[in-house]
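Q: Here is my input, please return the structure:
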Amino acid sequence: MGEVLHVRDYRAYFHTRRGIVKAVDGLNFNLSAGETLGIVGESGSGKSVFLLSLLGLLPKPPLRIESGSAQFGGMDLVTASEDTMRSIRGNKIAMIFQEPMTSLNPYLKIGTQLIEPLMIHRNKTKDEAFKIVKGSLLKVGIGDPDRALNAYPHEFSGGMRQRVMIAMALTTHPEILIADEPTTALDVTVQAQILELLKSIQKETGMAVILVTHDLGVVAGVADRCLVMYAGKLFEQGSVDDIFYRSQHPYTHALLKSTPRLDKALAALPSIAGTAPDLSKLGPGCPFDARCEYVKEECRNSFPTAKRTEEHESFCHLEKLP
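A: So this is what the prediction gives:
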């Protein structure tokens with residue numbers, strides 16, 4: 001599979017009156033065509049900020065891309081002009097946002113919003129665009145597309161609105177689909193349907209998928225590889241099997257322990273003690289030091305260099321988890 005995205009030393013900081021908030025601090029990864037990459041971590045880890053900043057969807061200032069590159073289709077998204085980014089967003093790289101009700105315009109009918117990407121990026125006429133989006137709605141499981149196109153967002157349930165968002169993202173046949181916690185507000189049954197829908201469409205089109213989530217169960221079910229982020233930094237990355245069965249970082253291990261399991265009876269579900277650090281007041285060491293049960297003095301003094309074994313990469317001073 002060919003590589004579609006190559007990210008190196010990506011740093012995105014917010015310059016505020018309180019100081020510099022290091023929201024994304026030195027991210028490195030590759031994404032191949034047809035691959036599903038899961039990005040996990042607690043709220044505030046920098047997952048969504050990275051992807052929104054990558055697509056130029058955050059205001060500058062206060063955001064500033066301090067360094068790094070993101071190679072896509074022979075161009076660097078970091079240095080690309082606004083006109084170039086406008087031609088990429090919703091076209092070659094599409095995004096499904098976390099809450100569809102706030103992403104869809106409540107004053108416009110579903111059909112009006114769905115045809116917009118086709119008219120802008122594919123120069124389709126209104127009639128041509130409506131014909132295409134009808135097929136897209138059928139593909140995502142909406143059985144009466146004519147009714148759906150004439151409905152307003154508030155007339156749909158959360159699951160149906162998310163299907164509309166998926167249909168909108170897929171109309172232009174993107175090379176990369178970014179799904180930012182697409183199932184957070186949905187019940188378990190609808191969540192499973194949405195994930196299965198994404199997998200089937202990916203298999204049919206060969207697009208790459210970046211799935212942002214805090215749910216490790218979702219990653220286990222649909223992802224090929226996984227990135228673990230904390231406090232804006234990459235802590236560990238590797239195949240799903242590496243992360244779940246051969247994790248080498250205490251934070252990844254703590255996340256896995258705090259995930260409910262059906263095969264083990266627990267008197268109480270373990271949790272990670274403490275809270276995430278203030279990203280404007282980070283020291284030179286590992287940002288997880290105050291919450292880590294294996295912390296050493298060197299953890300507080302310097303951020304560890306990468307330990308690599310084939311496709312697995314971990315940033316920890318520990319040689320091996322006890």
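Q: so who does Lys296 touch?
A: His317, Leu318 (CB atoms under 8 Å, 6 or more residues apart in numbering). Glycine gets a C-beta too; all of them are placed from N, C-alpha and C.
Q: If we use 10 Å, what do you get?
A: Contacts for Lys296 (CB atoms under 10 Å, 6 or more residues apart in numbering) come out as Gly285, Cys286, Asp289, His317, Leu318.
Q: ok, how many other residues are close to the last one?
A: A count of neighbours around Leu318, defined by other CB atoms under 10 Å, yields 17.
Q: That one and Ala290: what is the separation?
A: Using CB to CB, to the nearest Å, Leu318 is found at 16 Å from Ala290.
Q: and the contacts of Lys296 as JSON lines, adding distance to Leu57, pLDDT and secondary structure?
A: Shown next, in JSON lines, are the contacts of Lys296 (distance: CB to CB, whole Å; pLDDT from 0 to 100; DSSP: H, G, I helix; E, B strand; the rest coil):
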{"residue": "Gly285", "distance to Leu57": "32", "pLDDT": "91", "secondary structure": "coil"}
{"residue": "Cys286", "distance to Leu57": "30", "pLDDT": "92", "secondary structure": "coil"}
{"residue": "Asp289", "distance to Leu57": "32", "pLDDT": "90", "secondary structure": "coil"}
{"residue": "His317", "distance to Leu57": "36", "pLDDT": "89", "secondary structure": "coil"}
{"residue": "Leu318", "distance to Leu57": "37", "pLDDT": "87", "secondary structure": "coil"}
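Q: now, among those, which is nearest to Thr84?
A: Cys286 (37.1 Å; CB to CB).
Q: hang on, the closest one packs against Ser314?
A: No: shown here, Cys286 and Ser314 do not form a contact pair, counting by CB atoms under 10 Å, at 11.8 Å.
Q: Among the two, which residue is more densely surrounded?
A: Comparing Cys286 with Ser314 by other CB under 10 Å, the one with more neighbours is Cys286, at 28 against 25.
Q: Now the worst-scoring helix or strand of the chain on mean pLDDT: buried residues?
A: Every helix and strand in the chain was compared by mean pLDDT, DSSP states H and E; the lowest is helix 100-103, with a mean of 75. By 16 or more other CB atoms under 10 Å, the buried positions in helix 100-103 come out as Pro100, Ser103.
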